[in-house]
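K.L.:
I'd like to go over a predicted model; first the sequence, then the structure.
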Amino acid sequence: MKVNQFPDRTIAVDGKEFLYFGGTSYLGVSTHPEFQESLFKNIKKWGVFYGSSRKSNIQLGIYEKFESHFAEFVGAEKCVTVSSGMLAGKITIDFLSKTIARFYHYPKTHPAILHADSLPLFVDGKLNPGLTNSENEEIVITVDAVLALEVTPTSFDFLDGISSSKRVTLVIDESHSLGIVGENGEGIFDLILHRVVHKKIMISSLGKALGLPAGVIASDYGFIEKITNDANFISASGASPAHLATYLETQDLYEDQRELLYQNLDFIFMDGLGNRFKYHPNYPVIYSEDDSIYQQLFDKGIVITNFKYPTYKNFMSRIVITANHTFEDLELLKAALNFK
C-alpha cells in the first residue's frame, strides 16, 4: 500500500479516506501545526540537514545543548545523537565487540543491537549455562525495553540468576518506550540497577513517539567520550539540527500530547477489549494474532499496521492509538473491534 501523504489520524488510499491506527507516531507531533511551525523556523536557522562530521572544526552548538538536556531527561551521565536509532545500535555493538568477545541477547531483540555471534540468553527456558558458571569474564547482554508484540516493559529479573563472576554491560533499546513509559516519558534506563551490571548503555530511535529523525546513545561519561572518538561516529553525519532545536522549543507541546494520549488510552480501554487482544491500559498499542483482522478492519474503513517483523515468524497486526485521535475515532475503532 503506497500513499502520497504522511498519515495522521486518517490516511488516503486510492482516493478514499480511512481512519489510520498504525505507525509509531504515538504523540502525534510530526503533523502537529505547533511542532511544524517551530520546525520551519529552525530550518531557516539550522538548514534542512548538516552533512558534516560531528568532529569537524565547525561544530553546531545545538548538538551539545540537546544532548545535555536529553541525558538529564533519561537519567544518564552523558549522551550523543546520531542520524538514526539503527546507527546508534550498530555503532554501539561494533565498538563493544572490539574489547568484549561474548554477547547474549534477550529473545526477539531488535536487529539494531543484535551482534552477529550473539548467543541466546535462555536455553530451554533457563538461563544460558554460560551465564551461570564461575568463569570471570566481561559479557554484553542486549535487550529491548519494550519488545515488539509486547505492551509492558521487559522484566530484568533474569539478572538475579547471573553469576557474580560476570561483569555485564547491559545494552537497552528504548525505541518504543521513550516518550511513553515513565512518569514523563523518560523510559526505564534510570531504573535498572543490579549487582552484576557493570555498565548500562541506552540506544534508541528518537523517531517514534518523539518524532525526530535521529538516534541516541546514552551512558556514562567515559563510554560516550570513547564513542565520539570512534571511527564510525566520526565518519557519519549527525542528526538534523533543526529537529533537535524544535524538540527543545516544544517541551510544553510534548507534555500536552502525552496528556492527550493518556486521555485516549483511558477512553478506549475503560471497558476492556477482551482476551482476543494483547494490550495494556498504559501503552498505546493493541496486538492481535488473528490473521484476518487486518482485512476485516480495512473493510470497515480502518487501516492498521500489518507486516513481517524481522525477529518474528508470523505477520503482526498492530493497532496504534495516538494523541491525535479523537474520541469519535476511538468509538469507531471500538465498534469495529467488536465485530462477530
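P.N.:
Sure, I can see it.

K.L.:
okay, CA-based contacts and neighbour counts for the rest of this
P.N.:
Will do.

K.L.:
phi, psi for the nearest residue to Trp46 once chain neighbours are set aside please.
P.N.:
Leaving aside its chain neighbours, Trp46 sits nearest to Ala242 (5.4 Å; criterion: CA to CA, 6 or more residues apart in numbering). Backbone geometry at Ala242, expressed as degrees, to the nearest 10, gives phi -60, psi -40.

K.L.:
what about Ala242, how many neighbours?
P.N.:
Ala242 has 23 neighbours, counted by other CA atoms under 10 Å.

K.L.:
I figured it hits Gln36, correct?
P.N.:
No. Using CA atoms under 8 Å as the test, Ala242 is too far from Gln36 to be in contact (10.9 Å).

K.L.:
against Ala236, how distant is the residue nearest to Trp46?
P.N.:
Remark: distance between Ala242 and Ala236 (CA to CA, to the nearest Å) = 18 Å.

K.L.:
surely Ile162 is in contact with Ser134?
P.N.:
No. Using CA under 8 Å, Ile162 makes no contact with Ser134, being 9.9 Å away.

K.L.:
the more surrounded of the two?
P.N.:
More crowded of Ile162 and Ser134, by other CA under 10 Å: Ile162, with 22 against 12.

K.L.:
can you map out the strands along the stretch 201-340 of the chain?
P.N.:
215-219, 285-288, 302-308, 315-320 (DSSP state E, counting those that start in this stretch).

K.L.:
mind putting the ones you listed in CSV, mean pLDDT, mean neighbour count and distance to Arg102 included?
P.N.:
Shown next, in CSV, are the strands of the stretch 201-340 of the chain (pLDDT from 0 to 100; neighbours: other CA atoms under 10 Å; distance: least, CA to CA, whole Å):
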stretch, mean pLDDT, mean neighbour count, distance to Arg102
strand 215-219, 99, 26, 20
strand 285-288, 94, 20, 34
strand 302-308, 88, 17, 29
strand 315-320, 88, 20, 31
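
K.L.:
could I get those as TSV with distance to Gly89?
P.N.:
Converted to TSV, the strands of the stretch 201-340 of the chain look like this (distance: least, CA to CA, whole Å):
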stretch	distance to Gly89
strand 215-219	8
strand 285-288	24
strand 302-308	21
strand 315-320	23
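
K.L.:
if we compare those strands, which one ends up closest to Ser177?
P.N.:
Smallest distance to Ser177 across the strands of the stretch 201-340 of the chain (CA to CA): 11.6 Å, for strand 285-288.

K.L.:
pLDDT of the helix or strand harbouring Lys44, averaged?
P.N.:
In the assignment (DSSP states H and E), Lys44 maps to helix 33-46. Helix 33-46 comes out with an average pLDDT of 98.

K.L.:
next SSE after that helix?
P.N.:
Scanning onward from helix 33-46 (DSSP H and E), the first element met is helix 61-74.

K.L.:
quick one, helices of the stretch 201-340 of the chain?
P.N.:
221-227, 231-234, 241-249, 251-269, 293-299, 327-337 (DSSP state H, counting those that start in this stretch).

K.L.:
with that, I have no additional questions.
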